[in-house]
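Engineer: only geometry, no sequence info:
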């Protein structure tokens with residue numbers, strides 16, 4: 001009770017503090033949602049453009065084999081990126097958001113930017129030279145040469161996009177990404193429709209990413225003051241980011257191992273068919289795109305402010321909402337996978353790959369849960385834990401692919417992905433509990449599964465009737 005000049009006021013201090021804390025948490029949730037809605041728009045548009053429109057255009061104009069080359073080029077860039085930036089770009093989301101002074105933000109950015117740019121440009125230019133020396137006159141030489149230039153412009157662009165995310169410059173980020181994605185998809189689609197080669201298409205993507213990177217560089221360098229790189233800060237960030245780079249490397253190996261194994265044991269046509277089915281099955285993870293862009297920087301800000309209860313509450317809520325999207329999607333793809341795949345690809349691709357889409361959706365459920373829970377480990381700066389888990393997952397996935405693909409083909413690749421991501425999900429949840437008091441809501445998951453079974457029965461029944 002509060003006492004005033006001998007009188008007792010009927011106000012309980014604990015209840016006031018509790019209501020104030022509740023109001024603060026509510027304001028925090030609103031702030032997070034406001035920043036995520038715009039950023040989530042980018043994720044939705046990316047899925048729509050790259051996973052539906054571009055897949056449909058490329059598979060129906062280039063064919064599965066040429067589309068397989070497009071996938072291999074993107075896979076090579078994705079594989080090289082964490083090796084080059086050593087996780088420094090992503091590490092900015094952990095530290096930049098916590099600084100209010102522009103000079104501190106500049107110090108964080110320029111201390112890592114010089115390394116990323118030099119190594120990225122050097123590696124991108126070296127790849128065509130290596131291809132020219134070791135594969136003279138071969139078609140692979142031209143393919144690797146253009147892919148090397150694509151790698152350079154991607155590194156250039158990713159550095160500045162990473163700073164926008166870390167600085168929570170959401171409006172600028174959304175505007176830039178929407179314009180860039182529309183331009184790239186439009187250019188690639190037009191070239192494919194007018195029967196240009198895969199080399200022309202890759203060159204167009206390279207040019208567009210280079211222009212976008214240049215425009216972003218102008219904006220970022222004008223928005224923050226220039227400071228000379230801090231060597232000691234760079235060394236400190238390297239210690240933090242190298243495990244992240246290893247995690248991302250093993251992540252990319254896990255994602256694309258099945259494509260390379262399919263290429264070895266089968267051919268590019270099957271890679272294209274598998275990639276189209278994989279893209280459709282992975283659509284439920286679009287939910288992560290709604291929040292994943294702002295999630296690392298925002299949660300870092302809360303964690304560093306000792307607001308651990310907010311971190312746990314947001315983690316539990318996002319898991320619940322993600323499951324409400326992902327689990328029903330598995331059963332819908334089980335019922336409608338072939339029809340949906342025929343819509344975005346050719347009938348031959350749909351016949352070859354529709355049966356793996358529900359399995360890929362199951363693996364997407366496990367991967368989505370990891371994406372949410374792993375940030376607890378990221379906030380606790382235990383990045384070496386994540387790199388070790390991803391190392392085990394990559395070895396497990398690659399080993400299973402080498403055994404199962406020769407036996408079961410596309411189905412073996414999908415089963416390998418499910419097994420690898422199941423291990424990833426449970427291992428990450430176990431490690432997260434060592435940092436914060438976190439646990440899964442199994443009862444809620446069972447209820448969602450039960451409702452999804454009823455949904456599947458209703459959809460199947462409707463198709464049998466009509």
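Structural biologist: That came in fine, so what should we check first? For clarity, every value in this text was computed on a predicted model and none was experimentally measured. Residues are numbered from 1 along each chain as shown.

Engineer: contacts and neighbour counts: CA atoms only from here.
Structural biologist: Noted.

Engineer: Ramachandran angles for residue 331?
Structural biologist: Dihedral pair for residue 331: phi -70, psi -30, per degrees, to the nearest 10.

Engineer: I should have written residue 434 there, sorry.
Structural biologist: Torsion angles, degrees, to the nearest 10, at residue 434: phi -80, psi -10.

Engineer: element containing the nearest residue to residue 248 once chain neighbours are set aside, please.
Structural biologist: Among residues not flanking residue 248 along the chain, residue 82 sits closest, at 6.0 Å (C-alpha to C-alpha, 6 or more residues apart in numbering). For residue 82, the host element (DSSP states H and E) is helix 63-85.

Engineer: so the helix or strand following that helix versus helix 63-85, what angle?
Structural biologist: As assigned by DSSP H and E, the chain's next helix or strand after helix 63-85 is helix 88-95. With axes from the mean of the first three to the mean of the last three C-alpha atoms, to 10 degrees as the basis, helix 88-95 and helix 63-85 are set at 60 degrees to each other.

Engineer: what's helix 88-95 packed up against?
Structural biologist: helix 102-134, helix 139-166, helix 231-265, helix 295-304 (3 or more C-alpha pairs under 8 Å, 6 or more residues apart in numbering; DSSP states H and E).

Engineer: Go through those helices and name the closest to residue 384.
Structural biologist: helix 231-265 (5.0 Å; C-alpha to C-alpha).

Engineer: Give me the distance from the closest one to the chain's centre.
Structural biologist: Its chain's C-alpha centre and that of helix 231-265 lie 13 Å apart, by C-alpha atoms, centre = their mean, to the nearest Å.

Engineer: and that helix with helix 63-85, angle?
Structural biologist: 160 degrees.

Engineer: average pLDDT across helix 231-265?
Structural biologist: For helix 231-265, the mean pLDDT works out to 83.

Engineer: go on, stretch 429-442?
Structural biologist: pLDDT averaged over stretch 429-442 gives 86.

Engineer: Just the terminal-to-terminal distance for it.
Structural biologist: In stretch 429-442, first residue to last residue: 13 Å (C-alpha to C-alpha, to the nearest Å).

Engineer: any idea how far it is from the chain center?
Structural biologist: Distance, centroid of stretch 429-442 to centroid of chain: 22 Å (C-alpha atoms, centre = their mean).

Engineer: List the buried residues for it?
Structural biologist: Under the neighbour-count criterion of 16 or more other C-alpha atoms under 10 Å, stretch 429-442 has 429, 431, 432, 438 buried.

Engineer: List the contacts of the last one.
Structural biologist: It refers to residue 438. 312, 429, 432 (C-alpha atoms under 8 Å, 6 or more residues apart in numbering).

Engineer: again, but for the second one
Structural biologist: Taking C-alpha under 8 Å, 6+ apart as the criterion, residue 431 is in contact with 377, 385.

Engineer: Can you tell me the element it falls in?
Structural biologist: Residue 431 belongs to helix 410-432, assigned by DSSP H and E.

Engineer: which element follows that helix toward the C-terminus?
Structural biologist: Following helix 410-432 in sequence, per DSSP H and E, is helix 442-465.

Engineer: how about that following helix: buried residues?
Structural biologist: 448, 449, 452, 453, 455, 456.

Engineer: Kindly report the same for stretch 227-245.
Structural biologist: 229, 234, 237, 238, 240, 241, 242, 243, 244, 245.

Engineer: For residue 276, give its distance to residue 338.
Structural biologist: For residue 276 relative to residue 338 (C-alpha to C-alpha), the value is 12 Å.

Engineer: for residue 110, what are its contacts?
Structural biologist: Residue 110 neighbours (C-alpha under 8 Å, 6+ apart): 226, 227, 228, 229.

Engineer: ok, now which ones touch the last one?
Structural biologist: The contact partners of residue 229, by C-alpha under 8 Å, 6+ apart, come to 107, 110, 111, 112, 114.

Engineer: Poorly predicted segments of the stretch 351-466 of the chain, please.
Structural biologist: Filtered on pLDDT under 70, the stretch 351-466 of the chain yields the residue ranges 464-466.

Engineer: Now for residue 125, how many residues are close by?
Structural biologist: Other residues near residue 125 number 18, with proximity taken as other C-alpha atoms under 10 Å.

Engineer: Isn't it up against residue 147?
Structural biologist: No. Judged on C-alpha atoms under 8 Å, residue 125 makes no contact with residue 147 at a distance of 10.0 Å.

Engineer: The buried residues of stretch 429-442: which two are farthest apart?
Structural biologist: For the buried residues of stretch 429-442, and using C-alpha to C-alpha, no pair is farther apart than 431 and 438, which are 9.8 Å apart.
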